[in-house]
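**Q** Build me a structure from this.
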Amino acid sequence: MNRAFETVKASRQIERIVNGVATSDGAGVRLTRLISQELQKRLDPFLMLDNFGSDNPDDYIAGFPDHPHRGFETITYMLAGRMRHRDSAGHEGLLENGGVQWMTAGRGVIHSEIPEQQDGLMEGFQLWLNLPSNKKMISPWYRDIPSQEIPSYVTPDGVSVRVIAGRSNGVEGAVSRENTEPLYLDIDLPGGSAFHAILPATHNAFVCVYRGEIDIRGKRLAEKRMAVLSNEGEGAILKAGSPARAILVAGRPLNEPVVQYGPFVMNTREEIYQALSDFREGRFAN
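**A** The predicted structure follows:
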């Protein structure tokens, strides 16, 4: 059956290129932080983006032991490797190659993410997605999405697209969200191809290249770099002269105050103080 694919006439352009900051988290896992508090307002509703990738077990083997979260969602996309999740709400799952772990911390959860491999490549992304003020204290929720359950399609140009969240070219993603309306695509571009994605004018968007390089309106985006896209234009056109892979992420801003203290993201300082008190007093999900 033939179907029409999106065509973008006026692409958004690259507003800013982010190199990322090398850091470590958990029990010493080495990663590159691409979105931090500096970009939270510009890329609302997204709070943080980490890219981790190493074939040296010393960089990841200790993983992320028990730690708390409140007030947002975490989306972990595992490109390579295996990670075991356990949390205080009783959820457990194994995240494997190509799979996604989507967790809503809500009113509070304590969880761990520990690698289940002794060597080899461990690679992926973790994205933090904010919750609106009226949903920050909802019950924790968790879903493991195996690679084979992530919807995908191939364009006439030979571009392979995995739809983790949102809707793209008529394909519904694995997850949808009413308030933030996130779009999360993993795009595999053959050499000489182009990919078109229509984006709502209200949505903030970014692209991160993790293989090769791409071109957006004549500006080159190299491997391991992220581009904040302007909000002018009906969508984005990604072009690749040689094979490349990238994630394209967009979402509707909440336009609410963001107060973050480590793993807690609320709207006021008083709510942060309450989160600290609740965590210390053992009132998170158990």
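
**Q** quick one: the helices in the protein?
**A** Counting by DSSP state H, the chain has helices at residues 269-280.

**Q** Can you name the residues that contact residue 167?
**A** By CB atoms under 8 Å, 6 or more residues apart in numbering, residue 167 lies in contact with 173, 176, 183. C-betas here are computed from N, CA, C, even on glycine.

**Q** For it, give me the pLDDT.
**A** Looking at residue 167, its pLDDT is 96.

**Q** what sits opposite residue 124 in the beta ladder?
**A** Taking DSSP bridges as the rule, residue 124 bridges to residue 52, residue 78.

**Q** and it, how far is that from residue 66?
**A** In this view, residue 124 and residue 66 are 20 Å apart by CB to CB, to the nearest Å.

**Q** related to what we said a few turns ago, now the contacts of residue 167 in TSV, with distance to residue 78?
**A** Formatted as TSV, the contacts of residue 167 follow (distance: CB to CB, whole Å):
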residue	distance to residue 78
173	17
176	21
183	20
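
**Q** most neighbours, which of the residues you listed?
**A** residue 183 (24 neighbours; other CB atoms under 10 Å).

**Q** How about exporting stretch 187-200 as PDB, limited to the C-alpha atoms?
**A** Taking Å, rounded to 0.1, in the frame of the first residue of the first chain, the C-alpha atoms of stretch 187-200 are listed here in PDB:
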ATOM      1  CA  ILE A 187      17.100   7.900  12.500                       C
ATOM      2  CA  ASP A 188      19.500   5.700  10.400                       C
ATOM      3  CA  LEU A 189      20.400   7.600   7.200                       C
ATOM      4  CA  PRO A 190      22.200   5.900   4.300                       C
ATOM      5  CA  GLY A 191      24.800   8.000   2.400                       C
ATOM      6  CA  GLY A 192      23.100  10.500   0.000                       C
ATOM      7  CA  SER A 193      19.800  10.400   1.800                       C
ATOM      8  CA  ALA A 194      17.500  13.000   3.500                       C
ATOM      9  CA  PHE A 195      14.900  12.700   6.200                       C
ATOM     10  CA  HIS A 196      11.900  15.100   6.600                       C
ATOM     11  CA  ALA A 197      10.100  15.500   9.900                       C
ATOM     12  CA  ILE A 198       7.200  18.000  10.400                       C
ATOM     13  CA  LEU A 199       7.300  19.500  13.800                       C
ATOM     14  CA  PRO A 200       4.600  21.600  15.600                       C
END
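
**Q** higher neighbour count, residue 124 and residue 66?
**A** Comparing residue 124 with residue 66 by neighbour count (other CB under 10 Å), the higher total belongs to residue 124, at 23 against 12.

**Q** Verify the stated contact: the more buried one with residue 82.
**A** No - contact criterion CB atoms under 8 Å: residue 124 and residue 82 do not qualify, at 10.7 Å.

**Q** What sits closest to residue 110 if chain neighbours are left out?
**A** Spatially, and ignoring its direct neighbours in sequence, residue 110 is nearest to residue 88 (4.2 Å; CB to CB, 6 or more residues apart in numbering).

**Q** Okay, that neighbour and residue 176: tell me how far apart.
**A** 26 Å.

**Q** Then residue 161?
**A** Distance of residue 161 to residue 176, given as CB to CB: 16 Å.

**Q** ditto for residue 233
**A** Distance from residue 233 to residue 176, by CB to CB: 24 Å.

**Q** and what of residue 139?
**A** For residue 139 relative to residue 176 (CB to CB), the value is 18 Å.

**Q** In contact with the closest residue to residue 120 other than its chain neighbours, which residues?
**A** Leaving aside its sequence neighbours, residue 120 sits nearest to residue 55 (CB to CB, 6+ apart; 6.4 Å). The contact partners of residue 55, by CB under 8 Å, 6+ apart, come to 119, 120, 121, 122.

**Q** Alright, that wraps it up for me.
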